[in-house]
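*Asks:* sequence and predicted structure are below.
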Amino acid sequence: MAAPGLSPGGAAAGTRLVPLVLAVALFMEQLDSTVIATALPAIAADIGTSPVSLKLAFTTYLVALAIFIPISGWLADRLGAKRVFRLAIVVFALGSIACAFAGLLGAFVLARFLQGMGGSMMTPIARLLLVRGTPRNRLVPAMAWLTVPALIGPMAGPPLGGFLTTYLSWHWIFWLNVPIAAVGLILVGRYLPESPPRPSRPIDLPGFLLAALALAGLVFGLSVTSLPALPIEVGFATLAVGALGAAGYAAHARRAAYPLLDPAMLRYPLFRVAILGGSLFRVGIGAIPFLLPLMLQLGFGMTAFESGLVTFIAAVGALGAKFLAAPVLQALGFRRVLAVGVLLSAALTASYGLFTPTTPAAAMMALLFLGGVLRSVTFTGVNALAFSDVEDADAGQATAINAVLRQVSLATGVAPGGAVLEVAGRAGRATLALGDLHAAFLVVSAVPALATFVFVALPVGAGAVVSGHRRPAE
C-alpha cells in the first residue's frame, strides 16, 4: 500500500521525500536550540541580566512544550494535521522574531514561551504525519530520513552561533529562523499530501489543565533543582505542585470518558515497552550534553570552542548511523538491537567518566563517535517500535504521549547528574573537582542500563512488520 498522495511506484521515493520535508521544521528547532547555547553570555550581557538568570528563558521553552504537546494530537485530528503543522511553523517563526526584538529578560522569556508553543506542535505532528502517511514496512527508513536534517542542526549550531554572535549580532540567530520557516512552508504546501480533519474525541479541558499543571511543574522543577537559576527551594516546591497535578490527573483519567492522554494506550504491548524502555534510556542519555562540556571546560581547562570541536563528533556519528538503522533492524530485529544498544550506550556513558586531561583527544572523539552511532540506531528503533502495533485511529494519542514523555525524560535526565554535582557543591568546595564529574557520569550510566531488562523481554519477532526481520526457519 502506498502512502497517501503517492502512487505505488513512488512509495519508495516518498519514504525519503515526505520525512525530509517534515524535517525542515525539526532542523529549525534543533539548530535554534544549539545555536542559542553558544550565544548565551552575549544575550545576557545585552539585555542586562546574568547567564544563570537567562536560563529561565530556556526553562520556559521546555514548560511550553510540556503544556501544549498533549493537545497536539487533538488539534491535528480536529483541524487537519497538515494545517496545524504549517501553523506551528508560523508560530515558531513569530516567536523567533519576538526574541530578536526582546530587550529585557521578561520580554525574552515571553518570546521563548511563544517559540515553545510552536515547537510543541512541530515535532509530534511531524511524526504523526509520517506514521499516518507511511506503510508500516517502510516506517524505519522513513523515521531515519526524518531525523537526518534534524541531526545537522547540532553539528552546525555551535560554530554558526559563534560566528553570528562574534561578527554580526546574537539577534541574527533568531532572524535565521525566518527564511528557514518560509522554505518549510513552501515545501509543506507543495509536497505534503493533504490531511483532512478526522473524527476526534471531545477536548478534555479538565484533563488539559491538570496535565499542564503536572507537566509544567515537573519540567520546571527538575530544571531548577538540577541547574539552579532560582533558589532550590522554588524547584522543590514546583516539583511538589507538579506531583499533585499528576496525582489529580491520574484520578481524573480513570473517570473521564475521553481523557486527554489516555492510559488505555498502554494496551498496545509494543507501545508500552517502547515508552518504558525509551524513557529509561533518555533519562540517562539526557545528561550527556550537560555533563560533557562541564568536564571538558571546568575539569580539563578547555575553551568553549575547543570543547565543541571534541563533542560535535557525536552528532556526526549519529547522522551517519541513520543510514544503518533500517538494515541493522532488518537483520537483527528490535529485541537484539535495542537490548544491546542500550547496554553498550550505558557502558560508553560510564567510559566518559574515565576521561582525564591526559586522555588523547582522538581517543575521546572515537568513543564519542561510537556513542553517537549507538544512540542514533537505538533512538530510531525505539521510535519505530512505539508505533509498530498502534492502529491509525490511535496514532494521535500515541504521538502525544510519546512526545510528552520524551520531554519529561530528557528533562529528568539532567537531574541525577545535577544532584551529584549539587551534593559536591554543598560539601564546601568552591569549585567542582574532576572526580565529581566522573562520579556523575557513573551515576547517570546506570539508568539506561536498566532499559536492557525491558527490551530483552521482547519476543524475538516483535515488530517484524516494521523492521522486516524474519526468524530463520527452524
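*Replies:* That came through fine.
*Asks:* C-alpha coordinates for stretch 284-302, PDB please?
*Replies:* These are the backbone C-alpha positions of stretch 284-302, laid out as PDB (Å, rounded to 0.1, in the frame of the first residue of the first chain):
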ATOM      1  CA  GLY A 284      20.500   8.500  31.300                       C
ATOM      2  CA  ILE A 285      21.400   9.900  27.900                       C
ATOM      3  CA  GLY A 286      19.800  13.300  28.500                       C
ATOM      4  CA  ALA A 287      22.600  14.200  31.000                       C
ATOM      5  CA  ILE A 288      25.400  13.900  28.500                       C
ATOM      6  CA  PRO A 289      25.000  17.300  26.800                       C
ATOM      7  CA  PHE A 290      25.100  18.900  30.300                       C
ATOM      8  CA  LEU A 291      27.900  17.000  31.900                       C
ATOM      9  CA  LEU A 292      30.400  16.600  29.000                       C
ATOM     10  CA  PRO A 293      31.000  20.300  28.300                       C
ATOM     11  CA  LEU A 294      31.300  20.900  32.000                       C
ATOM     12  CA  MET A 295      34.000  18.200  32.300                       C
ATOM     13  CA  LEU A 296      36.000  19.400  29.300                       C
ATOM     14  CA  GLN A 297      35.800  23.100  30.200                       C
ATOM     15  CA  LEU A 298      35.900  23.100  34.000                       C
ATOM     16  CA  GLY A 299      37.800  19.800  34.500                       C
ATOM     17  CA  PHE A 300      40.200  19.900  31.600                       C
ATOM     18  CA  GLY A 301      40.500  23.700  31.200                       C
ATOM     19  CA  MET A 302      39.400  23.700  27.500                       C
END
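*Asks:* buried residues, it. List them.
*Replies:* Buried residues in stretch 284-302, defined by neighbour count with 16 or more other C-beta atoms under 10 Å: 284-296, 298-300, 302. In short, each C-beta sits where N, CA and C put it, glycine included.
*Asks:* among those residues, name the ones in strands.
*Replies:* Using DSSP state E, the subset of the buried residues of stretch 284-302 located in strands is empty.
*Asks:* and those, which of them are in helices?
*Replies:* Per DSSP state H, helices hold the following members of the buried residues of stretch 284-302: 284, 285, 288, 289, 290, 291, 292, 293, 294.
*Asks:* residues touching the first one, list them.
*Replies:* Which is residue 284. 345, 346, 349, 413, 416, 444, 445, 446, 447, 448, 449 (C-beta atoms under 8 Å, 6 or more residues apart in numbering).
*Asks:* from residue 221, how far out is it?
*Replies:* When C-beta to C-beta, to the nearest Å is the yardstick, residue 284 and residue 221 sit 20 Å from each other.
*Asks:* in the stretch 201-350 of the chain, which spans are helices?
*Replies:* Along the stretch 201-350 of the chain, counting by DSSP state H, counting those that start in this stretch, helices occupy 205-226, 232-255, 269-285, 288-294, 304-311, 313-352.
*Asks:* need the per-residue pLDDT for residue 197.
*Replies:* pLDDT, residue 197: 73.
*Asks:* contacting residues for the closest residue to residue 390 other than its chain neighbours?
*Replies:* Of all residues beyond its chain neighbours, the one nearest residue 390 is residue 398 (4.6 Å), with distances taken as C-beta to C-beta, 6 or more residues apart in numbering. Each residue near residue 398 by C-beta under 8 Å, 6+ apart is listed here: 131, 265, 268, 271, 386, 387, 390.
*Asks:* let's see 10 Å
*Replies:* With contact taken as C-beta atoms under 10 Å, 6 or more residues apart in numbering, residue 398 is in contact with 73, 124, 127-128, 131, 262, 265, 268, 271, 274-275, 386-387, 389-391.
*Asks:* same question, residue 120
*Replies:* Residue 120 makes contacts with 61-62, 64-72, 88, 91-92, 403-404, 407, as judged by C-beta under 10 Å, 6+ apart.
*Asks:* kindly report the same for residue 367.
*Replies:* 313, 314, 348, 349, 351, 352, 354, 355, 359.
*Asks:* who wins for neighbours among these?
*Replies:* Neighbours were tallied for each of these (criterion: other C-beta atoms under 10 Å), and the maximum of 26 neighbours falls on residue 349.
*Asks:* my read: that one touches residue 445, true?
*Replies:* Yes - counting by C-beta atoms under 10 Å, residue 349 touches residue 445, with 4.0 Å between them.
*Asks:* what do those two both touch?
*Replies:* Joint contacts of residue 349 and residue 445 (C-beta under 10 Å, 6+ apart) are 284, 285, 287, 288.
*Asks:* before we move on, back to that, now, of the contacts of residue 284, which are buried?
*Replies:* Those of the contacts of residue 284 that meet the buried threshold are 345, 346, 349, 413, 416, 444, 445, 447, 448, 449, by 16+ other C-beta under 10 Å.
*Asks:* of those, closest to residue 381?
*Replies:* Within the set of the buried ones among the contacts of residue 284, residue 345 lies nearest residue 381; the separation is 11.8 Å, counting by C-beta to C-beta.
*Asks:* against residue 379, how distant is that closest one?
*Replies:* Taking C-beta to C-beta as the measure, residue 345 falls 10 Å from residue 379.
*Asks:* what do those two both touch?
*Replies:* Going by C-beta under 10 Å, 6+ apart, residues that sit against residue 345 and also against residue 379 are 281, 285.
*Asks:* report the contact partners of residue 179.
*Replies:* Contact partners of residue 179, counting by C-beta under 10 Å, 6+ apart, are 28, 93.
*Asks:* confidence-wise, which of the helices of the stretch 201-350 of the chain is weakest overall?
*Replies:* In terms of average pLDDT, helix 304-311 trails the rest of the helices of the stretch 201-350 of the chain, at a mean of 73.
*Asks:* and that helix, what does it pack onto?
*Replies:* Helix 304-311 sits against helix 11-46, helix 139-167, helix 288-294, helix 361-386, with contacts defined as 3 or more C-beta pairs under 10 Å, 6 or more residues apart in numbering; DSSP states H and E.
*Asks:* quick one: the ones in helices among the buried residues of stretch 284-302 as CSV, columns for distance to residue 183 too.
*Replies:* What follows is those, written out as CSV (distance: C-beta to C-beta, whole Å):
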residue, distance to residue 183
284, 36
285, 31
288, 31
289, 27
290, 32
291, 35
292, 32
293, 31
294, 36
